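Participant: when you get a sec, could you give me coordinates for this:
(chains A and B)
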Amino acid sequence: MNRVTLFAICASAGFLLYILEMVRRRKLREEYSILWLFGSTFILVLSLKQDWLVGIAHAVGIVYPPSFLFLVGILFILLILIHFSIAISKLHQMNKKMAQEIALLKTKTNERRGAP
Amino acid sequence: MEGTPPRILVVIPAYQEERSIGGLVRTLRERFPYDVLVVNDGSTDRTSEAAREAGAIVLDLPCNIGIGGAVQTGFQFARDRGYDIVVRIDGDGQHEVEDIPKVLEPILAGQADAVIGSRFLGETEYRGSIPRIFGIRFFRLLVNLTTGYRVTDPTSGFFAINRPLIEFYSHHYPSDYPEVDAYILMHRLKSRAVEVPVRMYERAEGKSSITAFRAVYYMVKVTLSFLINCIRRFG
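Facilitator: Below you'll find the model as predicted:
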């Protein structure tokens, strides 16, 4: 086993364990961890089985196998970013709704206190 | 509801307008029998107190959620309290309160669902900055082309709507430049919208939400949201 393979295995395994630990400690919600877990498992499998990487790369017509990894990495990051944009939009909507509800409720309670 | 007079609410979204809001509310309360609601969009100054002291009902939003969200809160209030008509005006003294009856008239007569006060109909002394005028021209074209409404002042924040629109807007109201976007919603509800001439002044207090720099950004954003509202589903 050469040094770069060992490094890839250690890095991706460490990453996977880190994600799992964050989920376990409830610092990362399950719904967001799925993409990360999926991504890190994928990388780990490919660093363990490098002939699979070569095979897949050739199958999609990529001559230099590591560039297939870059492609996967970039697509993965894009996916996560879109996921976050959606999450932020949802939070924005919820935030607006809550601010509105609070304002309406505040007026209602003030009225009650003022004129019972 | 035959015979009972319609309940009318004047909604004023306000952000950092402590200097102008009190006088405006007081004038409204003196001249008209309508209830006045000030939606304080997270102001850190005395906007809320000034409005309350002048006799307005005040909704205090806990943080700044933007003009569309603030106005929508006013619609939600009107929906919950059973108002028949909402008039929306600005809190910075740009709009002439004497024109409110003109904006109400077509709705009271049952001839329109929405009445928009236009600063470009009839005699007018209004002069805006170049980006503002350009933006108004652009949005006018956009609204006219896509909805068929004959609109002269698509960004006017001086308008009145009836009960069905109050209910619809309390659920769906756009966030930036809500007035432009609102046309497509009205169009999809097949609402009858008319314009009446009103007087508008250069703002007395507060800052415009439009600066030359942000104009282009907002135009792109509003156009996008406008076009998406053409194809969006409303459940």
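Participant: could I get the full set of strands for chain B?
Facilitator: B:8-14, B:35-40, B:57-60, B:85-88, B:114-118, B:159-162, B:193-197 (DSSP state E).
Participant: the helix or strand where A:Leu104 lies versus strand B:35-40: what angle between them?
Facilitator: Using DSSP states H and E, A:Leu104 sits in helix A:65-114. Angle of helix A:65-114 versus strand B:35-40, following axes from the mean of the first three to the mean of the last three C-alpha atoms, to 10 degrees, is 140 degrees.
Participant: quick one: list the elements packing against helix A:65-114.
Facilitator: helix A:30-48, helix A:50-59, strand B:57-60, helix B:67-80 (3 or more C-beta pairs under 8 Å, 6 or more residues apart in numbering or on different chains; DSSP states H and E). The way it works is simple: take the backbone N, C-alpha and C, and place the C-beta from them, glycine included.
Participant: elements contacting the longest one?
Facilitator: Packed against helix A:30-48 by the contact rule (3+ C-beta pairs under 8 Å, 6+ apart) you find helix A:3-24, helix A:50-59, helix A:65-114.
Participant: could you give the angle of that helix to helix A:50-59?
Facilitator: Angle, helix A:30-48 to helix A:50-59, by the same axes, to 10 degrees: 100 degrees.
Participant: do stretch B:19-35 and chain A meet?
Facilitator: No: using C-beta under 8 Å from any C-beta of the partner chain, we find that stretch B:19-35 stays clear of chain A, coming within 12.3 Å at best.
Participant: tell me the buried residues in that stretch?
Facilitator: Neighbour counts over stretch B:19-35 (16 or more other C-beta atoms under 10 Å in any protein chain shown) mark B:19-22, B:24-26, B:28-29, B:32, B:34-35 as buried.
Participant: wait, which of the residues you listed is closest to A:Leu69?
Facilitator: Distances from A:Leu69 to those, taken as C-beta to C-beta, are shortest for B:Ile21 (60.2 Å).
Participant: from chain A, how far off is the closest one?
Facilitator: 16 Å (C-beta to the nearest C-beta, to the nearest Å).
Participant: now do the helix or strand bottoming out on mean pLDDT in chain A: everything it contacts.
Facilitator: Ranked by mean pLDDT, DSSP states H and E, the weakest helix or strand in chain A is helix A:30-48, scoring a mean of 85. Contacts to helix A:30-48, defined as C-beta atoms under 8 Å, 6 or more residues apart in numbering or on different chains, come from residues A:5, A:8-9, A:11-13, A:15-16, A:19-20, A:22-23, A:28, A:52-53, A:56, A:69, A:72-73, A:76, A:79-80, A:83, A:87.
Participant: next, the angle helix A:3-24 makes with that helix.
Facilitator: Using the same axes, to 10 degrees: helix A:30-48 against helix A:3-24 is 160 degrees.
Participant: contact partners for the most centrally placed residue in chain B?
Facilitator: Centroid-nearest residue in chain B: B:Gly157, 3.6 Å away (criterion: C-alpha atoms, centre = their mean). By C-beta under 8 Å, 6+ apart, the contact list for B:Gly157 reads B:88-90, B:94-95, B:179.
Participant: with B:Gly122 instead?
Facilitator: B:Pro197.
Participant: run through the chain and note the low-pLDDT ranges.
Facilitator: No chain specified, so I'll use chain A. A:1, A:115-116 (pLDDT under 70).
Participant: oops, chain B please
Facilitator: Ranges of chain B meeting pLDDT under 70: B:1-3, B:123-128, B:203-213, B:235.
Participant: quick revisit: need the helices and strands packed on helix A:65-114 in a markdown table (columns: distance to A:Gln93).
Facilitator: Formatted as a markdown table, the helices and strands packed on helix A:65-114 follow (distance: least, C-beta to C-beta, whole Å):
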| stretch | distance to A:Gln93 |
| --- | --- |
| helix A:30-48 | 17 |
| helix A:50-59 | 39 |
| strand B:57-60 | 19 |
| helix B:67-80 | 10 |
